Structures are given as structure tokens and as C-alpha cells.
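Asker: predicted model and sequence follow; I will ask about them next.
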Amino acid sequence: MIVLGIETSCDETAAAVVDETRRVRANVVLSQIAKHRPYGGIVPEIAARAHLDSLDGVIARAMAEAGVGFDALDGVAATGGPGLIGGVIVGVMTGKAIAAARRLPFIAVNHLEGHALTARLTHDVAFPYLVLLATGGHCQLLVVEGVGRYRRLGTTVDDAVGEAFDKAAKMMGLGFPGGPEVEARAKGGNARRFALPRPLKGRPGCDFSFSGLKTALRQAIAGLPPGPLADRDIADLCASVQAAIVEVMEDRTAHAIEAFRARHPAGDTLVVAGGVAANAALREALSLLAARAGLRFVAPPQALCTDNGAMIAWAGIERLRLGLVDGLDFAPRPRWPLDPDAPRAVGAGVKA
Ligand code: KG4
Ligand code: ZN
């Protein structure tokens, strides 16, 4: 079984060809970062136009690198949401057009499901398992019980964790995206110099909150001499904010492990997924936490943690194998929670 996967929900225009034996035959990712950087964040209209301009070429490149023609495909999968609606429409329409022209099944993939199932593409991971999904738009702890079967244990009540890194970087005058910048600058910094809060740490449950941390960081910066920040101060601020975020993530995940264990005593794996999983300090803390809990720790390689088409193609294969295909009348879903029955997080903002 070979599936073409298309990802356009944020700022990467991506297409990949993956087969049932878990071979990634091609994985082309065109980052739009340079187009958005001058604005310090992703501009949805620019993203949608850029997807429209480049998606055809990205798909053609993926097919050429995979060495297959459209007639070799068994299905076309595209991110159907959640995400920026303009980009999702471009990906879904293109996927449907190929599926219609070649009479192939079309599979609309939930972007979060793509991240959550990636561990099964890269490692032997059986259901059920626990996933920490840490991206620029989402921060959730989920039990993956099966394809399409997710139980949300916790979510952010305000910012996503990647967003927290991005906003922290912006306050310090660092570039976008902020996560990699903060991680690089934190090296050699003193994580104890600034006493930043650890929001929700020690409280029951598995929800996250980062807005208090943001405010505290702003105050810490305001207490420094006016003018551009010194490199030493940036390093110490970055180390302090990264330590606070990692400690919070670890605490919330520890609670989720307890809940996961109570529900699935035989469950044995903790997975981290999403762009923030690239953070080495976070990976280290989670791998130690998993070891203490007697769980296996799985972190897909970085290129498959940030947005890509392979995760969409793989989720497409998982769905296609179960006959879970969509009609050409599928309507893009800018909001699409993986666990619609999850209780609303207390004080929640707009994030699903
Ligand atoms: O999953 P992703 O590529 O896109 C979304 O679906 O959001 O995640 C992007 C996010 C950005 O917020 C970026 O700052 C963050 O992941 N990120 C990191 C690191 N690399 C990327 N955060 C912390 N440390 C990193 N090394
Ligand atoms: Zn993502």
C-alpha cells in the first residue's frame, strides 16, 4: 500500500510518499519561514498564497523522488484540519483533485492524529500509548487507544508550549521561530538567575498554562538595564525560561502517566511528538521520567517531529487499512479536536 500525504495546515508546504512497510520513499518539506520572519510570526494570508504557489511543485518533487507515478498510489491523504483555513483548503482541494482524477480513495487526516501516530511509523509502538503533543499550536497529553480513538488527559488553558517559546524569544528580541533560538542561547546560561514561576506544577490534573510565565519573563526583562539585552542576560533568561517550561512539562506528564497506568495497566510507552520535541532538554527530562516510571520512551527523529507530509501519509495508511476513507465532499475543519468528549479545561481559551 502506497499513499501520498499532503500537509499545508501551517507554514510548511509538504508532501511525502510512504508505504505500508513504513518506508518513507520521499519526504519534501518547503519551509515558508523566510516569508513570515519579517512579521515575527505566521501571517495566514501569506501562508495560504505560498501553499497555492508551491504545492504542485512540492508534490511533483515527492513523486519523482519516490520514483512512482500517480497510478502506483493506493490513496491520497491531506491534512483536513485543524490549522489555518486557507492552507488547509489548498491541501484538501489538491488532494481531492488527484484522488478524483486517478479514482483513488481520499483520506482527510487530522493534523494532530498525524503527529500522534508518527511514532508507529518510526518505531514499533502498539496501542495503547501515551503521547505528549507539543507544537506551536497545541499542547496536549493524549492516550492513543487506536486509530481515531483518543482520550485527552490534559491541554493548555492558554498558550501552546511552542507559542510560549516563540513569545519568550520575541520579548528578548530573538528571531522566529523562537524555540530553537531559546534552546541555543540557553546553553551556558544560568537557569537559576531568574526565579520564574512553574505554572500549575504540583496541582492535580494534566492541564498546562504558560501565560503567567510570560508575564514573569516580561517583568524580569523590565528589571534589567534599558536598551538591548546583553548576551549574558539573554543566555540566563533563556536558560531560566527553558528550565521552567521543561519542569512544567515533566510535572504534567508525570500526572498523565499515573492516569494512563490506571486506565491501561499494560500500557508501556511514552511518546513525545510535535515541533517542541526537538528540544534536547525536554527530551532528556522526559526520557528520565519514563525510565523512573518503567516506561519505554519514544521520540521520533526531529525531521518527523516538525510538520511534514510523511506523518500525514502514514496516518492515511493507518486509516485506509481500516477502510476509514472520506468523500470528496469533505469540508476542511479549522477546529477539529481529537477527543470531542474531553472535558473543557478550566479557564480554557480558544485552543481545541
Ligand atoms: O509541530 P510544529 O513544527 O508546528 C506546529 O504544528 O505548530 O512546531 C513548531 C513549534 C514552534 O513553536 C517552535 O518554536 C517549536 O516548535 N520548536 C522548539 C524547538 N524547535 C521547534 N521549541 C523548543 N525547542 C526547540 N528546539
Ligand atoms: Zn504540527
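Answerer: Arrived safely, thanks for sending. Ligands and ions are numbered 1, 2, ... in the order given.
Asker: closest residue of the stretch 201-350 of the chain to ligand 2?
Answerer: Closest contact between the stretch 201-350 of the chain and ligand 2, by CB to the ion, is at residue 307 (4.4 Å). All C-beta spots, glycine's among them, are computed from the backbone N, C-alpha and C.
Asker: up against ligand 2, what does this protein have?
Answerer: Selection of the chain residues close to ligand 2 by CB under 5 Å from the ion yields 135, 307.
Asker: how about the residues of the chain near ligand 1?
Answerer: When proximity is defined by CB under 6 Å from any ligand atom, the chain lies next to ligand 1 at 10, 135-137, 162, 165-166, 177-180, 183, 274-276, 278-279, 306-307.
Asker: let me see the ranges of the helices in the chain.
Answerer: Along the chain, counting by DSSP state H, helices occupy 33-36, 44-66, 85-102, 111-122, 161-171, 178-186, 211-222, 231-263, 280-293, 302-305, 310-321.
Asker: any chance of those helices in TSV with mean neighbour count as columns?
Answerer: TSV is the format used below for these (neighbours: other CB atoms under 10 Å):
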stretch	mean neighbour count
helix 33-36	13
helix 44-66	18
helix 85-102	20
helix 111-122	25
helix 161-171	24
helix 178-186	21
helix 211-222	16
helix 231-263	21
helix 280-293	17
helix 302-305	18
helix 310-321	28
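Asker: dump those to TSV, plus mean pLDDT and distance to residue 16.
Answerer: Below are these laid out as TSV (pLDDT from 0 to 100; distance: least, CB to CB, whole Å):
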stretch	mean pLDDT	distance to residue 16
helix 33-36	92	19
helix 44-66	97	6
helix 85-102	98	12
helix 111-122	97	10
helix 161-171	97	22
helix 178-186	97	22
helix 211-222	97	35
helix 231-263	98	28
helix 280-293	97	23
helix 302-305	92	10
helix 310-321	98	4
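Asker: looking at the ones you listed, spot the one closest to residue 336.
Answerer: Closest approach to residue 336 among these (CB to CB): helix 111-122, 7.7 Å.
Asker: which elements pack onto the closest one?
Answerer: strand 2-7, strand 75-81, strand 129-134, strand 139-146, strand 269-273, helix 302-305, helix 310-321 (3 or more CB pairs under 8 Å, 6 or more residues apart in numbering; DSSP states H and E).
Asker: turn the ones you listed into TSV, including distance to residue 69.
Answerer: Converted to TSV, the helices and strands packed on helix 111-122 look like this (distance: least, CB to CB, whole Å):
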stretch	distance to residue 69
strand 2-7	11
strand 75-81	13
strand 129-134	35
strand 139-146	33
strand 269-273	32
helix 302-305	25
helix 310-321	16
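Asker: which residue packs closest to the residue of the stretch 101-250 of the chain found nearest ligand 2, ignoring adjacent ones?
Answerer: Residue nearest to ligand 2 within the stretch 101-250 of the chain: residue 135 (4.4 Å; CB to the ion). Nearest non-adjacent residue to residue 135, counting by CB to CB, 6 or more residues apart in numbering: residue 274, 3.6 Å away.
Asker: next one: residue 200
Answerer: residue 209 (5.2 Å).
Asker: wait, that neighbour sits on residue 199?
Answerer: Yes: counting by CB atoms under 8 Å, residue 209 does reach residue 199; the two are 4.3 Å apart.
Asker: what comes up buried for stretch 265-285?
Answerer: 267-279, 281-283, 285 (16 or more other CB atoms under 10 Å).
Asker: distance of the residue of the stretch 101-250 of the chain closest to ligand 2 relative to residue 188?
Answerer: 27 Å (CB to CB, to the nearest Å).
Asker: more neighbours: the two, which one.
Answerer: Using other CB atoms under 10 Å as the criterion, residue 135 and residue 188 rank with residue 135 on top: 24 against 11.
Asker: please report how far that one lies from residue 165.
Answerer: For residue 135, the distance to residue 165 - CB to CB - is 11 Å.
Asker: which neighbours do the two share?
Answerer: Common neighbours of residue 135 and residue 165 (criterion: CB atoms under 8 Å, 6 or more residues apart in numbering): residue 276.
Asker: would you enumerate the residues in contact with the residue nearest the centre of the chain?
Answerer: Nearest residue to the geometric centre of the chain (CA atoms, centre = their mean): residue 274, 2.8 Å. Contacts of residue 274 were listed using CB under 8 Å, 6+ apart, and they are 115, 133, 134, 135, 138, 162, 305.
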